[in-house]
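Q: I'd like to go over a predicted model; first the sequence, then the structure.
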2 protein chains.
Amino acid sequence: MNKITSLFEIKYPIVSGGMVWCSGWRLASAVSNAGGLGLIGAGSMHPEVLQEHIVKCKNATNKPFGVNIPLLYPEIEAIIKIVIEQKVPVVFTSAGNPKTWTQTLKKEGIKVAHVVSSSKFALKCQDAGVDAVVAEGFEAGGHNGAEETTTMVLIPQVRQVLDIPLIAAGGIATGEGMLAAFALGVQGVQIGTRFALTQESSASEEFKNRCVNLNEGDTMLALKKIGATRLIKNEFYNQVKQAEDKGATAEQLKELLGKGKSKKGIFEGDLENGELEIGQVASLIKDLPTVQEVVENIVEHFNQGIGKLDKILM
Amino acid sequence: MNKITSLFEIKYPIVSGGMVWCSGWRLASAVSNAGGLGLIGAGSMHPEVLQEHIVKCKNATNKPFGVNIPLLYPEIEAIIKIVIEQKVPVVFTSAGNPKTWTQTLKKEGIKVAHVVSSSKFALKCQDAGVDAVVAEGFEAGGHNGAEETTTMVLIPQVRQVLDIPLIAAGGIATGEGMLAAFALGVQGVQIGTRFALTQESSASEEFKNRCVNLNEGDTMLALKKIGATRLIKNEFYNQVKQAEDKGATAEQLKELLGKGKSKKGIFEGDLENGELEIGQVASLIKDLPTVQEVVENIVEHFNQGIGKLDKILM
């Protein structure tokens, strides 16, 4: 037991990221059934779709699970209403001001964590009364902080200003990675990419197969002028890169991005014209196991890693 | 004892980076005297200056030390001749082909390590016969890899292809950071920024004082079109950024960079017009201790960290 497992009433301090087009009820319930905390990703769901996923998730697990809500979501009030009505036990919020909804959710008995990419925002979260903070490094997939601080640097930086429990995210896909994050001072990890690349992830087979064939350097942070996003290098990325190299403005990039590009890429499997969001650590991943296998493997290597470190006391 | 301490015949598997304008004989000998492996940075030295630093370093320590040589250095043959004549026990090479000089140095009984930023180049080093590889992540200061792979992702990636000892670099400044790197599978760490910000570092007081007042996001990777370099945001950086945002070509950036900008910034303390190279982890550092204090602190926290991890077996 540690602060994260007791806070969320789970067996292992392992949270699955609420990833657009990957984190539906199947992935979330599988993670919770395996002893972690599964999150449904509301970012790619209309309110009625989210409601359906929550109901199905409850039918698939009797363990705690959560919903990740990007606070800049246009239908945010409908989403908040649903998680309260459905008595979702945990909400992870991101991309917005933690003060806006934290107390509303906490009054309903919902545990709240907020995702940040700097110690400045981590402190704002603590002041807003969240139960835990997720600090996410530069290597993470999808939307990303402007400071470009990596997990290795960000975690100690956030740890030293925070009193409440801390969860590391970005670049963690293995038990060894989880152990490294714990060495830096966290009580839990949020794992995205590794869970996006499982049987239960709702991403398309085309997307998953592309991800398990990536090499180092095949994802890059792009679109910095309109919101830094980590993408796989494909035809769409090349267009963005070319435009950026020539000095494209925010408006030009917005036009190039258009709408629905992440659905097209991740969910529909259009590998050239879609926006393929995945973490840098995908290059380490070469298989598509079940969630249960992933969690068992992480726990086993985490424990083995502790045994190995014991022998190297200086 | 581990593979790195026995290879270099040192007490602690801690190497100081061979940093331009920081790593002279004072810093290198202090690190070696404290039980690590101190490196003299040849990158900012003419051959006769390097020779002087080697002689002074030998007078200041009877422990093993090394020289870091960027292989693209214009006077490379003179530099190689000096390290052989002076019987320097260890050479770290970087920025060039490891095949060119490794065997020449090894025939003289010199231990050789090469710095890389990808597993592809790590394998090339192993094939070239180096004794160890340094894998350096995106968070490192100064010159940096094009793949932008962070230490957290790079280390396991290199570890799984390599048979020879591995040293992690980038974002490591504390015992906790060193422990995280060991959890990811290395046998040693190369620490730059933390040693650049010590009493014995030859950087100017102006530069050191600027570095210990940095916040997250105050260093960024710039000049990607001519060789990615991590810099502190100052007037020079702003000029580069503005030019890049408008689509500046490699030629335009080379002109803007000019010559001698890192000497101006780091050694002469021109904080606005100089090129201020430092690692992202500088934002964690708020003091300018002696090298001895740094090494003792790292070892203490590394050992304490192992004790803490023991209690969290899952």
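A: Sure thing, it's come through. Quantities reported herein were computed from a predicted structural model and do not represent experimental measurements. Residues are numbered from 1 along each chain as shown, chains lettered A, B, ... in the order given.
Q: quick check: mean pLDDT of stretch A:39-47?
A: Stretch A:39-47 comes out with an average pLDDT of 96.
Q: next, the buried residues of that stretch.
A: A:Leu39, A:Ile40, A:Gly41, A:Ala42, A:Gly43, A:Ser44, A:Met45, A:Pro47 (16 or more other C-beta atoms under 10 Å in any protein chain shown). C-beta here means a position set from N, CA and C on the backbone, and glycine is covered the same way.
Q: return the member of those nearest to A:Lys63.
A: A:Lys63 lies nearest to A:Leu39 out of those, by C-beta to C-beta, at 12.7 Å.
Q: please look at the closest one and A:Phe92 and confirm they touch.
A: Yes. Counting by C-beta atoms under 8 Å, A:Phe92 is a contact partner of A:Leu39 at 5.8 Å.
Q: between the two, which contacts overlap?
A: Common neighbours of A:Leu39 and A:Phe92 (criterion: C-beta atoms under 8 Å, 6 or more residues apart in numbering or on different chains): A:Val15, A:Gly18, A:Gly66, A:Val67, A:Asn68.
Q: the first one: which element?
A: If I follow you right, that is A:Val15. strand A:14-16 (DSSP states H and E).
Q: does chain B have contacts with that strand?
A: No. Judged by C-beta under 8 Å from any C-beta of the partner chain, strand A:14-16 makes no contact with chain B; its nearest approach is 9.1 Å.
Q: now the element after that strand, going C-ward?
A: helix A:25-33.
Q: how about residues contacting that following helix?
A: By C-beta under 8 Å, 6+ apart, helix A:25-33 touches A:10, A:14-16, A:37-40, A:52-54, A:56-57, A:60-61, A:63-66, A:195, A:198, A:200-202, A:290-292, A:295.
Q: what about 7 Å?
A: The contact list for helix A:25-33 (C-beta atoms under 7 Å, 6 or more residues apart in numbering or on different chains) reads A:16, A:37-40, A:53, A:56-57, A:60-61, A:63-65, A:195, A:198, A:200-202, A:291.
Q: what does stretch A:87-102 give?
A: A:8, A:18, A:37, A:39, A:54, A:64, A:66-72, A:80, A:83, A:105, A:110-115, A:124-125, A:128-130, A:134, A:143.
Q: hmm, which of those are the buried ones?
A: The neighbour-count criterion (16+ other C-beta under 10 Å) marks A:8, A:18, A:37, A:39, A:54, A:64, A:66-71, A:80, A:83, A:105, A:110-115, A:124-125, A:128, A:130, A:134, A:143 among those as buried.
Q: just the ones of the residues you listed in helices?
A: If you go by DSSP state H, these have A:Phe8, A:Ile54, A:Ile80, A:Val83, A:Leu105, A:Lys124, A:Cys125, A:Ala128 in helices.
Q: the helix or strand of chain A with the lowest mean pLDDT - which strands sit beside it in the sheet, and in what orientation?
A: In chain A, the helix or strand scored least confidently by mean pLDDT, DSSP states H and E is strand A:142-143, which has a mean of 93. In the sheet, strand A:142-143 lines up against strand A:229-232 (antiparallel) (DSSP bridges).
Q: one step back: so what's the gap between the strand holding A:Val15 and the chain middle?
A: Taking C-alpha atoms, centre = their mean, to the nearest Å, one finds the center of strand A:14-16 at 9 Å from the center of the full chain.
Q: cool, and stretch A:158-178?
A: Worked out by C-alpha atoms, centre = their mean, stretch A:158-178 lies 12 Å from the chain centre.
Q: and what of stretch A:307-314?
A: The answer for stretch A:307-314 is 31 Å, by C-alpha atoms, centre = their mean.
Q: ok, now stretch A:185-193?
A: Counting by C-alpha atoms, centre = their mean, stretch A:185-193 comes out at 9 Å from the chain centroid.
Q: please apply the same query to stretch A:14-31.
A: Computed by C-alpha atoms, centre = their mean, the separation of stretch A:14-31 from the middle of its chain amounts to 9 Å.
Q: thanks again, I'm all set now.
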